[in-house]
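In: Here's my sequence, what's the structure:
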Amino acid sequence: MPSPEPPPEILVDARGHRCPVPTLRLRRALEDAPLGARVRLLADDPLARIDVPHFAAGAGFEVLEVTEAAGVLSFLVGRSS
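Out: This next block holds a predicted model:
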C-alpha cells in the first residue's frame, strides 16, 4: 500500500518586504488554504523571526519548521483547522 501523499505546500515569497507585510501575506495564504495544507513563507525581514511564530500561535496555526540560509528565513506553517 503506497504511503499517503503529503499535504500540499503553498509558497509565499515575501522577500524584500518589511513588517508587517510578510505576516499579512502568510495570514492570507493560510486563510485561503485547504485544511491540511502547509504554507512556506520566505522572508528576509529579521522581525519575521518574532512576528511569524507569534501570529501563528495566536491564530491557531502551527509552525512546523524554521530555517535560515543566506539571510532568508523559511517558515513552514501548518493549517489543521
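
In: in the chain, which ranges drop under the pLDDT threshold?
Out: Residues of the chain meeting the criterion pLDDT under 70: 1-3, 6-7, 81.

In: Just the buried positions in the strand or helix carrying Val63, please.
Out: Assigned by DSSP states H and E, Val63 falls within strand 62-69. Using 16 or more other Cβ atoms under 10 Å as the test for burial, strand 62-69 gives Val63. Backbone N, C-alpha and C define where each C-beta goes, glycine included.

In: Quickly run through the sheet partners of that strand, with directions.
Out: strand 72-78 (antiparallel) (DSSP bridges).

In: who's in contact with the strand it pairs with?
Out: 7, 9, 15, 26, 30, 37-44, 46, 48-49, 52, 56, 61-68 (Cβ atoms under 8 Å, 6 or more residues apart in numbering).

In: 7 Å instead, please
Out: Residues outside strand 72-78 that contact it (Cβ atoms under 7 Å, 6 or more residues apart in numbering): 15, 26, 30, 38-44, 48-49, 52, 56, 61-67.
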